[in-house]
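In: kindly generate the corresponding structure for this input.
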Amino acid sequence: MNGPEVQAPLRGAALVTGGTGFLGRRIVDRLLLEGRAVTVCGRTPAPDLEARGVRFLHADLGDTDAVRAACAGAETVFHVAAKVGVWGPAAEYHRANVLGTRAVIEGCRRHGVRRLVYTSTPSVVYNGRDLAGADESLPLTRACPSPYPLTKAAAEAEVLAAHSGGLCTVALRPHLIWGPGDPHLVPRILARARAGRLRIVGDGRNRVDMVHVENAADAHLEAEAALAAPASPAGGRAYFITNGEPVVIWDWINQLLVALGERPVNRRVPLAVARAAGAALEAAWSLLPLRGEPPMTRFVAEELAKDHWFDISAARRDLGYEPRIGMAAGTRMLIQHLLGAA
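Out: The predicted structure follows:
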């Protein structure tokens with residue numbers, strides 16, 4: 001799991017922001033297996049992690065003083081925490097994703113942290129078009145109908161600009177993280193399907209990349225190792241992280257539904273109709289005191305209908321990244337997990 005030119009796991013103390021989340025916990029598990037001292041900074045207490053020797057600091061990303069202080073004593077910071085979602089006040093996304101990340105960078109500098117691995121997202125290169133085999137040469141988005149990609153793009157730019165001799169930085173862009181224990185992607189798909197609210201948007205043939213959570217965790221440890229390797233090209237760069245096996249997303253969703261005894265999705269909505277509905281719902285949610293997220297937004301409509309798959313050759317070359325769990329095997333494990341939990 002080590003990056004190029006690194007012969008043994010790193011042993012320094014590490015901080016994981018968002019270490020109680022889906023991906024963050026996998027990273028914490030890997031660090032503990034290496035015998036590392038681990039601190040987790042987050043909003044949700046984790047007695048199970050503390051019982052395993054993890055130091056827990058309760059802090060919100062908006063508490064910039066606490067975030068800076070959390071970096072003390074760490075040789076590596078894995079900044080996984082973020083405000084996610086497709087809807088909400090832009091100021092809240094800016095506070096968590098931009099100002100929170102800025103505080104992490106300042107904390108790293110203040111406390112002599114040597115490496116910063118930042119969890120970004122492929123949506124930072126959103127351009128409203130199909131992304132088929134896209135690589136890291138795409139520019140960061142400056143216009144998007146959702147504040148999440150905009151604020152993550154701004155934060156990624158600051159992380160990469162902070163790369164220096166004293167602090168080595170790298171940004172990873174895992175796409176649609178999934179696997180057993182996923183609290184977001186698959187549960188949302190299942191809930192909408194069971195409620196009869198899931199529709200194929202567009203022609204249903206768009207190809208999408210995903211990444212199994214174990215592969216995403218591998219990439220973070222490999223990125224850390226690459227930053228520690230002499231003459232590594234990884235510092236100050238961003239990398240797409242996927243399974244490297246784009247799937248026809250609606251075929252994959254229906255495979256999952258059928259295996260779980262649910263009816264497959266057959267009803268379709270043209271992209272133009274879904275986009276118009278998203279715009280109308282966004283307006284309603286902006287004007288009225290409605291809770292939660294709109295059932296459709298312009299950004300979601302486009303994500304459901306268009307190609308989103310990426311070239312991961314740079315991650316393979318510079319980080320030594322190679323997906324361990326393929327789509328077929330991972331899907332079988334996920335189905336078994338979901339059937340067992342039913």
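In: residues in contact with Ala132?
Out: Arg207, Asp307, Trp309 (CB atoms under 8 Å, 6 or more residues apart in numbering). No exception for glycine: its C-beta is placed from N, CA and C like everyone else's.
In: beta partners for the first one?
Out: Following DSSP bridges, Arg207 is listed with bridge partners Val248.
In: re earlier: among the contacts of Ala132, who's most crowded?
Out: Counting neighbours by other CB atoms under 10 Å, the top entry in the contacts of Ala132 is Trp309, with 25 neighbours.
In: for that residue, which non-adjacent residue is closest in space?
Out: Spatial nearest neighbour of Trp309, excluding adjacent residues (CB to CB, 6 or more residues apart in numbering): Pro246 at 3.6 Å.
In: over to Ala72?
Out: His111 is the one closest to Ala72 (CB to CB, 6+ apart), at 4.5 Å.
In: residues in contact with that neighbour?
Out: So His111 contacts Cys71, Ala72, Gly73, Ala74 (CB under 8 Å, 6+ apart).
In: wait, doesn't the third one sit right on Thr39?
Out: Right, Gly73. Yes: using CB atoms under 8 Å, Gly73 makes contact with Thr39 at a distance of 7.4 Å.
In: are there residues contacting both of those two? Which ones?
Out: Both Gly73 and Thr39 are in contact with Ala13, where contact means CB under 8 Å, 6+ apart.
In: the two: who's more crowded?
Out: More crowded of Gly73 and Thr39, by other CB under 10 Å: Thr39, with 21 against 15.
In: list the beta-bridge partners for that one.
Out: Beta-bridge partners, per DSSP bridges, of Thr39: Leu15, Arg55.
In: per-residue confidence for it?
Out: Thr39 carries a pLDDT value of 97.
In: any idea how far Ala157 is from it?
Out: 26 Å (CB to CB, to the nearest Å).
In: same question for Tyr93.
Out: Distance from Tyr93 to Ala157, by CB to CB: 15 Å.
In: neighbour count: the two, which is higher?
Out: Tyr93 (24 against 17).
In: contacting residues around that one?
Out: Tyr93 touches Lys83, Pro147, Tyr148, Leu150, Thr151, counting by CB under 8 Å, 6+ apart.
In: now the residue nearest to Trp309, what are its backbone angles?
Out: phi -60, psi 140 (degrees, to the nearest 10).
In: low-confidence ranges, the stretch 201-342 of the chain, go.
Out: Within the stretch 201-342 of the chain, the ranges that satisfy pLDDT under 70 run 342.
In: ok, which stretches of it are strands?
Out: Listed in chain order, the strands of the stretch 201-342 of the chain (DSSP state E, counting those that start in this stretch) span 207-208, 211-212, 237-241, 247-248, 268-269, 308-310.
In: now those as a markdown table including distance to Val98?
Out: Output for the strands of the stretch 201-342 of the chain, formatted as a markdown table (distance: least, CB to CB, whole Å):
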| stretch | distance to Val98 |
| --- | --- |
| strand 207-208 | 27 |
| strand 211-212 | 24 |
| strand 237-241 | 16 |
| strand 247-248 | 32 |
| strand 268-269 | 34 |
| strand 308-310 | 24 |
